[in-house]
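# Sequence unavailable; structure follows:
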């Protein structure tokens with residue numbers, strides 16, 4: 001599902017129902033550069049959600065879907081790329 005960061009930063013009209021429906025599930029975030037996914041991932045992890053940032057998965061370059069470098073964000077995790 002594609003959810004814009006602008007909605008996440010704002011009223012969360014799209015994000016709120018998605019997060020409610022998927023409570024307790026791992027959320028995989030991605031964007032072309034990984035920057036927006038990282039920002040949203042940090043916020044969701046701070047809220048106690050289990051998040052994976054797929055920035056290193058090669059989506060922008062057409063690389064492998066699940067490389068060894070992929071990082072899972074745990075609640076309160078600090079991530080640097």
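Yep, it's here. Just so it is clear, the model here is predicted, and its values are computed rather than measured.
# can you give me the helices for the protein?
5-9, 15-21, 35-46 (DSSP state H).
# Residue 52 is nearest to which of these?
Proximity to residue 52, assessed across the helices of the chain by Cβ to Cβ, is greatest for helix 35-46 (7.8 Å). In this view, the C-beta of every residue, glycine as well, is placed from N, C-alpha and C.
# export the helices of the chain to a markdown table and tack on mean neighbour count?
Formatted as a markdown table, these follow (neighbours: other Cβ atoms under 10 Å):
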| stretch | mean neighbour count |
| --- | --- |
| helix 5-9 | 15 |
| helix 15-21 | 13 |
| helix 35-46 | 18 |
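# Reformat these as CSV; add distance to residue 55 and mean pLDDT.
Converted to CSV, the helices of the chain look like this (distance: least, Cβ to Cβ, whole Å; pLDDT from 0 to 100):
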stretch, distance to residue 55, mean pLDDT
helix 5-9, 14, 96
helix 15-21, 19, 97
helix 35-46, 6, 93
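# could those helices be laid out in CSV, adding distance to residue 28?
Converted to CSV, the helices of the chain look like this (distance: least, Cβ to Cβ, whole Å):
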stretch, distance to residue 28
helix 5-9, 15
helix 15-21, 12
helix 35-46, 9
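# of those, which approaches residue 29 most closely?
Distance to residue 29, taken as Cβ to Cβ, is lowest for helix 35-46 among the helices of the chain, at 3.9 Å.
# rewinding a little: nearest approach to residue 53 belongs to which of the helices of the chain?
helix 35-46 (4.7 Å).
# And that closest one, what does it pack against?
Applying 3 or more Cβ pairs under 8 Å, 6 or more residues apart in numbering; DSSP states H and E, we find helix 35-46 packed against helix 5-9, strand 27-29, strand 51-53, strand 71-73.
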